[in-house]
Structure formats: C-alpha cells, structure tokens
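Peer 1: One predicted model, sequence on top.
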Amino acid sequence: MIEPVTQHSLDRAADEAVRLWALASAQYPKSRPLILQVATTAIVEVVSTFALNARRALEVLPSNMKFPLAQPRWQWAPSSEGEQVRDLWEALNRIIHAQKLQIGFEQLPEQLIPSTQPILTFDSRGQARPQTSLSSPSQ
C-alpha cells in the first residue's frame with residue numbers, strides 16, 4: 001500500500017506534468033517579451049513543483065530502477081551552453097538543487113509556422129465573422 005504523502009506527490013506530479021506539457025507545447029511570440037516573461041515564470045514554477053513531487057514519488061521505488069529520457073518530442077540540441085540529461089532522476093535532482101533555472105525558447109522550423117492570417121474578421125456592420133480555416137479571409 002502506498003503512503004498518503006507518496007500518493008499525493010504522485011497525483012501532484014501527474015497534474016504538473018500535464019501543465020508542463022501544455023506550457024511546452026504552446027507557441028509564444030518572440031516579439032512580445034512580456035508574454036515570454038510570464039511563460040518563463042509559469043514554467044519555472046510548474047517544473048519545480050513537478051520535480052519535487054516526482055522525486056518524492058520515485059523515492060519509494062528501488063534505487064537501481066532507471067527512467068531514461070529517450071523519447072524527445074523534437075530532435076534538438078541545446079542552442080547555447082548546456083547538455084541534454086538522459087535520466088529522469090538526474091534531471092529531477094538538477095531542477096530541485098538548481099540555483100538558477102534558465103528557460104529557453106526555440107524557433108519552430110519555417111514549415112511548421114502557421115500562416116499569420118487573422119482567424120477572426122469583422123463584416124461592415126462590425127459583427128465578428130470567424131474563419132473556418134487559416135486561409136486568407138473572403139472579401
């Protein structure tokens with residue numbers, strides 16, 4: 001039977017993992033520093049809470065049990081100094097004990113950047129007319 005504090009940490013880590021996935025999946029406009037600052041703060045808070053709770057949940061497992069980080073969503077390499085950590089336990093420890101967490105934003109490849117056409121237009125009476133696709137609005 002799992003202890004209540006461990007179950008709470010497991011549940012909390014799962015919740016934070018979903019939040020982290022959502023934050024990491026979002027597209028942020030690099031020309032809007034305030035949005036990047038808010039996103040950075042949110043990511044640091046979420047990843048810190050995730051790391052603490054995931055580590056607490058993992059501590060009840062055998063110490064020789066490994067969790068390789070081998071399924072990246074994107075093939076990438078750090079754009080500046082840094083390294084890829086390949087073990088969950090090590091990644092969690094680095095996050096928990098970090099004196100500084102630096103969040104990086106990568107630019108999507110051109111073929112993945114959606115059109116910048118508006119998805120909401122207004123007719124001559126000022127009524128909103130939603131677009132049904134990302135194609136250019138009809139006249």
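Peer 2: Yep, that arrived.
Peer 1: what comes up buried for stretch 27-37?
Peer 2: Neighbour counts over stretch 27-37 (16 or more other Cβ atoms under 10 Å) mark no residue as buried. In this view, the C-beta of every residue, glycine as well, is placed from N, C-alpha and C.
Peer 1: ugh, wrong one, stretch 49-60
Peer 2: For stretch 49-60, by 16+ other Cβ under 10 Å, it's 49-58.
Peer 1: From the chain's centroid, how far away is the lengthiest helix in the chain?
Peer 2: If you go by DSSP state H, the chain has its longest helix at helix 33-58. From the chain centre to the centre of helix 33-58 is a distance of 9 Å (Cα atoms, centre = their mean, to the nearest Å).
Peer 1: Tell me the helix or strand right after that helix.
Peer 2: helix 88-97 (DSSP states H and E).
Peer 1: now that next one against helix 33-58, angle please.
Peer 2: 120 degrees (axes from the mean of the first three to the mean of the last three Cα atoms, to 10 degrees).
Peer 1: Spell out the secondary structure type for the most centrally placed residue in the chain.
Peer 2: With distances taken as Cα atoms, centre = their mean, the residue of the chain nearest its centroid is residue 24 (2.1 Å). Of the three states, residue 24 takes helix under DSSP: H, G, I helix; E, B strand; the rest coil.
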